[in-house]
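1. Starting from these lines, generate the structure:
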Amino acid sequence: TRYDLVDAELLRLMHDAGCREINYGLEMADEEAFAAVGKGGAKQGLEYFGAMIQATKAAGIRCHTHLMLGLPNDSWPSIKRTIRFLRKNRPDSVQVAIFIPYPGTPLGEQLRRDGVARDDTFRDYTGFKAVIPTKYLSIDEINEARQYVYHVWDKTLLTRLVNRVKRWVGHDARKQKNSAVE
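-> Numbering: from 1, shown residues only. Below you'll find the predicted structure:
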């Protein structure tokens, strides 16, 4: 459902009726990008969205959010704002898809007119592989950003540092083991 169609009372009623998970389309937690994907006209913005994530969880319902990377104005700063939003609001799970410029959609047609999107990339329209760059990110950077979001969205700075040390220690131990075998 859309985050702006629920409130605490409706969520309580949904839980009482047996609802145990809601999927919300966040797309990007960047105010400008949020408005660009048609959510700027919603009755509330990102602050309300965060409150509905909390209300969903408080009602005993799992909260799953869907992100979309690769929108025309996406950049590393907008991706990092999205990660900060996720860390602050703590949905239970996140799925990260890649924007696809489908033919017939207003944005897809505009990107074709601008020469950014091509029709010969249909075989790559999976939603999990970038097919066009943004103004600020290459196709490779979008694909990298998708993996980065999955890797860090639910980890604190301390957790990331501990994991980095574990990887370093593990790498060092493997290196010593390989040296001993030789």
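2. Can you report how many residues neighbour Pro103?
-> 11 (other Cβ atoms under 10 Å). Where you see a C-beta, it was placed from the backbone N, CA and C, and this is true even at glycine.
3. which element is it on?
-> If you go by DSSP states H and E, Pro103 is not part of any helix or strand.
4. residues in contact with it?
-> By Cβ atoms under 8 Å, 6 or more residues apart in numbering, the contact set of Pro103 is Glu109, Arg112, Asp119.
5. of all those, which comes closest to Gly18?
-> Distances from Gly18 to those, taken as Cβ to Cβ, are shortest for Glu109 (41.3 Å).
6. where does the residue nearest the centre of the chain land on pLDDT?
-> Centroid-nearest residue in the chain: Leu67, 3.0 Å away (criterion: Cα atoms, centre = their mean). Note for Leu67: predicted pLDDT of 94.
7. With Leu10 instead?
-> pLDDT at Leu10 comes out at 97.
8. Report all helices and strands that the host helix or strand of it contacts.
-> Assigned by DSSP H and E, Leu10 falls within helix 8-16. Applying 3 or more Cβ pairs under 8 Å, 6 or more residues apart in numbering; DSSP states H and E, we find helix 8-16 packed against helix 46-58.
9. in its sheet, what does whatever helix or strand comes next after the helix it packs on sit against?
-> Next in sequence after helix 46-58, counting helices and strands by DSSP H and E, comes strand 62-69. Sheet pairing of strand 62-69 (DSSP bridges) gives strand 21-27 (parallel), strand 93-98 (parallel).
10. buried set for the last one?
-> By 16 or more other Cβ atoms under 10 Å, the buried positions in strand 93-98 come out as Val94, Val96, Ala97, Ile98.
11. Equivalent analysis for the longest one, please.
-> Going by neighbour count (16+ other Cβ under 10 Å), the buried part of strand 21-27 is Ile22, Tyr24, Leu26, Glu27.
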